[in-house]
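Visitor: my questions concern the predicted model and sequence given below.
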Amino acid sequence: MNIWLHFIAIGGSAMHNLALALAEKGYTITGSDDVIFEPSRSRLARKGLLPEREGWFPEKLDPNIDAVILGMHAKADNPELLRAKELGLKIYSYPEYLYEQSKDKMRIVIGGSHGKTTITAMVLHAFRQAGIDTDYMVGARLEGFDVMVKLSHNAHFMVIEGDEYLTSPIDPRPKFHLYHPHIALLSGIAWDHFNVFPSFEIYRKQFEIFVSLIEPAGALVYCKEDESVRRIASNAPNNIQKISYSFPEFKIQDHTTLIKAIDEWFPLQIFGKHNLLNLSGAMKVCQLIGIDTLTFMKAMTSFRGASNRLELIAQNELTAVYRDFAHSPSKVKATIEALVGQYPERNLVACLELHTFSSLNKDFLPQYKGSMEMAHKRIIYFNPHSLQLKNLPPLFADEIKKSFDDDSLQVFNDIDALLAFLETLSWKNSNLLLMSSGNFDGLDSKRLADKILKHS
């Protein structure tokens with residue numbers, strides 16, 4: 001039987017990936033959006049799913065549509081949403097429909113304030129190396145995977161990156177509350193999304209609820225290095241299995257991290273203590289579904305990480321340039337620590353773009369205190385226009401320095417001035433780290449890296 005789905009706000013990163021996955025599954029897909037950026041536009045166009053015109057067209061909604069999927073970008077008064085309600089159509093949020101597609105599968109959900117994408121990517125990489133077919137949803141491009149969402153009729157497993165952000169404009173529940181995992185992983189809790197969780201207590205509560213929704217006889221894999229996570233695990237339902245993980249035995253040789261497992265050393269292409277924790281958690285998950293330690297560790301030797309997660313842009317013998325999605329205080333601190341540990345003989349120039357609502361908010365900024373102190377040179381960039389878009393008051397350099405408790409912090413609000421400053425620095429025996437959930441106003445990081453390497 002043919003199934004017709006209509007996507008409201010089809011151009012979103014998550015939404016267009018879900019649309020592509022369902023089209024691949026054989027469903028009929030239509031959609032609309034008032035603006036569609038790259039790469040969504042090209043990817044939808046290649047599959048014949050790009051709307052003819054941008055905008056909302058409630059008159060095109062048909063009573064024969066089987067369901068409407070509502071994206072976060074759409075507002076509660078969206079004309080197509082209102083028309084769908086008038087017609088009595090089934091309306092799902094993105095996570096609701098993911099659950100709908102995985103009701104008959106074993107659901108593995110990776111949650112936590114940090115490491116979600118990387119741990120999900122590690123599990124998927126190990127599954128692939130072990131020859132296990134699985135459906136999945138992950139929040140970044142992964143090497144060896146053509147799409148970020150895969151849905152099929154036959155796969156027994158569904159691996160989901162469990163985001164704690166809100167579900168849809170008409171559903172304020174965090175997304176990961178809708179997945180009801182059989183196996184859940186909780187990596188760590190560090191306050192984020194200040195705009196919707198105004199206190200750490202409210203934020204932490206969302207993870208307690210997540211754990212309470214694990215299916216009976218399911219399992220919670222949790223990081224025992226995190227105090228909040230330990231507390232949640234201790235109060236978790238007694239009808240589930242609780243499995244903790246911690247740091248593995250490791251060493252660093254010639255800028256390569258090696259992990260010891262089953263009396264053997266395995267070289268990795270990733271590094272950083274946070275990534276070693278991520279790997280330990282992923283291994284526990286994989287062991288629960290029958291992947292043995294040797295198979296898992298062999299898979300990890302070829303794992304290169306997820307896109308924009310401690311991603312190497314370019315390097316030579318004296319200098320390396322990395323970029324990372326780090327934007328919250330805990331992620332910034334962990335990423336800087338990873339690079340300092342991997343290259344102890346080099347100086348680190350760490351450059352952070354304040355881009356999220358939380359990071360641009362004066363009330364939240366003090367959470368960054370000390371987060372960059374391990375870097376040899378510390379730089380902050382923000383675009384004043386981002387503050388206007390988020391209806392936030394102006395930010396000033398002295399306020400930022402005070403929040404970070406760092407008078408030596410270099411603060412820029414003009415991208416050309418930042419680039420000019422970076423090009424004046426000496427890069428011999430120095431690395432550059434670019435951190436942002438944005439893109440530094442469209443900065444061509446490869447071009448910048450090539451310039452830096454030429455002068456190192």
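Guide: It's in.

Visitor: neighbours around T293, how many?
Guide: 13 (other C-beta atoms under 10 Å). The way it works is simple: take the backbone N, C-alpha and C, and place the C-beta from them, glycine included.

Visitor: show the pLDDT at it.
Guide: Here the pLDDT value assigned to T293 is 97.

Visitor: show me what contacts it?
Guide: 261-262, 283, 287 (C-beta atoms under 8 Å, 6 or more residues apart in numbering).

Visitor: and it, how far from F157?
Guide: Separation of T293 from F157 (C-beta to C-beta, to the nearest Å): 19 Å.

Visitor: got it, and Q388?
Guide: Q388 is 45 Å from F157, by C-beta to C-beta.

Visitor: stretch 35-54: end-to-end distance?
Guide: By C-alpha to C-alpha, to the nearest Å, the extent of stretch 35-54 from end to end equals 6 Å.

Visitor: buried subset of the contacts of T293?
Guide: Neighbour-count burial (16 or more other C-beta atoms under 10 Å) is assigned, among the contacts of T293, to 261, 283.

Visitor: reformat the contacts of T293 as CSV; add secondary structure, pLDDT and distance to K273.
Guide: As requested, the contacts of T293 are exported to CSV (DSSP: H, G, I helix; E, B strand; the rest coil; pLDDT from 0 to 100; distance: C-beta to C-beta, whole Å):
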residue, secondary structure, pLDDT, distance to K273
A261, strand, 95, 17
I262, coil, 93, 21
M283, helix, 98, 16
Q287, helix, 98, 21
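
Visitor: any idea which of the contacts of T293 is closest to A350?
Guide: M283 (29.7 Å; C-beta to C-beta).

Visitor: how close does the closest one get to L294?
Guide: M283 is 11 Å from L294, by C-beta to C-beta.

Visitor: Q388 and F157 - which one has more neighbours?
Guide: F157 (20 against 11).

Visitor: returning to what we had before: determine which two of the contacts of T293 are furthest apart.
Guide: Largest pairwise distance in these, by C-beta to C-beta, is 12.3 Å, between I262 and Q287.

Visitor: pull the residues that contact whichever strand or helix holds L81.
Guide: Element membership of L81, judged by DSSP states H and E, is helix 79-87. Identification of contacts with helix 79-87 by C-beta under 8 Å, 6+ apart yields 6, 8, 32, 56-59, 61, 63, 65, 68, 70, 74, 91, 170.

Visitor: got the buried residues for that helix?
Guide: 79-81, 83-84.

Visitor: show me this structure divided up by domain.
Guide: Using automatic domain parsing, the domain ranges for the chain come out as 4-89, 97-300, 311-454.

Visitor: where does the stretch 351-456 of the chain dip in pLDDT?
Guide: Low-confidence segments of the stretch 351-456 of the chain (pLDDT under 70): none present.

Visitor: how about the chain?
Guide: Residues of the chain that meet the cut-off, pLDDT under 70, sit at 1.

Visitor: now the helices: where do they sit in it?
Guide: Ranges of helices within the chain are 13-24, 40-46, 79-87, 94-102, 116-129, 200-212, 227-234, 273-288, 293-300, 329-342, 384-389, 397-404, 415-424, 445-454, based on DSSP state H.

Visitor: excluding its backbone neighbours, what's nearest L312?
Guide: Using C-beta to C-beta, 6 or more residues apart in numbering and skipping the chain neighbours, the partner closest in space to L312 is Y322 (5.7 Å).

Visitor: residue contacts, the one you found?
Guide: Per C-beta under 8 Å, 6+ apart, neighbours of Y322: 310-313, 339, 431-434.

Visitor: dump those into a markdown table; add distance to P267 and neighbour count as well.
Guide: Shown next, in a markdown table, are those (distance: C-beta to C-beta, whole Å; neighbours: other C-beta atoms under 10 Å):
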| residue | distance to P267 | neighbour count |
| --- | --- | --- |
| L310 | 16 | 24 |
| E311 | 19 | 17 |
| L312 | 16 | 13 |
| I313 | 22 | 18 |
| L339 | 18 | 23 |
| N431 | 20 | 24 |
| L432 | 25 | 28 |
| L433 | 23 | 25 |
| L434 | 26 | 26 |
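
Visitor: just curious, which of those is nearest to Q367?
Guide: L433 (19.5 Å).

Visitor: list the buried ones in stretch 11-22?
Guide: 11-12, 14-22.

Visitor: same check on stretch 71-80?
Guide: 71-74, 78-80.

Visitor: any idea which of the residues you listed is closest to F364?
Guide: Using C-beta to C-beta, the buried residues of stretch 71-80 come closest to F364 at M72, 20.9 Å.

Visitor: and the closest one, how far is that from I8?
Guide: 10 Å.

Visitor: what's the closest non-adjacent residue to E225?
Guide: S246 (5.8 Å).

Visitor: ok, now how distant is the one you found from D135?
Guide: For S246 relative to D135 (C-beta to C-beta), the value is 30 Å.

Visitor: who has more neighbours, these two?
Guide: D135 (23 against 11).

Visitor: so who does that one touch?
Guide: 101-102, 105, 150-152, 155, 157-159.

Visitor: buried subset of those residues?
Guide: 101-102, 105, 150-151, 155, 157-159.

Visitor: and F357, how many neighbours?
Guide: With other C-beta under 10 Å as criterion, F357 counts 17.

Visitor: cool, and G131?
Guide: Neighbour tally, G131, other C-beta under 10 Å: 7.

Visitor: can you pull the contacts of the nearest residue to M15 once chain neighbours are set aside?
Guide: Nearest residue to M15, sequence neighbours excluded (C-beta to C-beta, 6+ apart): G71, at 4.2 Å. Each residue near G71 by C-beta under 8 Å, 6+ apart is listed here: 7-10, 12, 14-15, 33, 94, 168.

Visitor: try 7 Å this time
Guide: By C-beta atoms under 7 Å, 6 or more residues apart in numbering, the residues touching G71 are 7-9, 12, 15, 94.

Visitor: turn these into a markdown table, including distance to Y381.
Guide: Below are the contacts of G71 laid out as a markdown table (distance: C-beta to C-beta, whole Å):
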| residue | distance to Y381 |
| --- | --- |
| F7 | 34 |
| I8 | 34 |
| A9 | 29 |
| G12 | 26 |
| M15 | 29 |
| Y94 | 31 |
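
Visitor: closest one to Y368 out of those residues, please.
Guide: G12 (28.2 Å).

Visitor: against F37, how distant is the closest one?
Guide: Taking C-beta to C-beta, one finds G12 at 10 Å from F37.

Visitor: equivalent analysis for W427, please.
Guide: 33 Å.

Visitor: ditto for W4
Guide: Distance from W4 to F37, by C-beta to C-beta: 26 Å.
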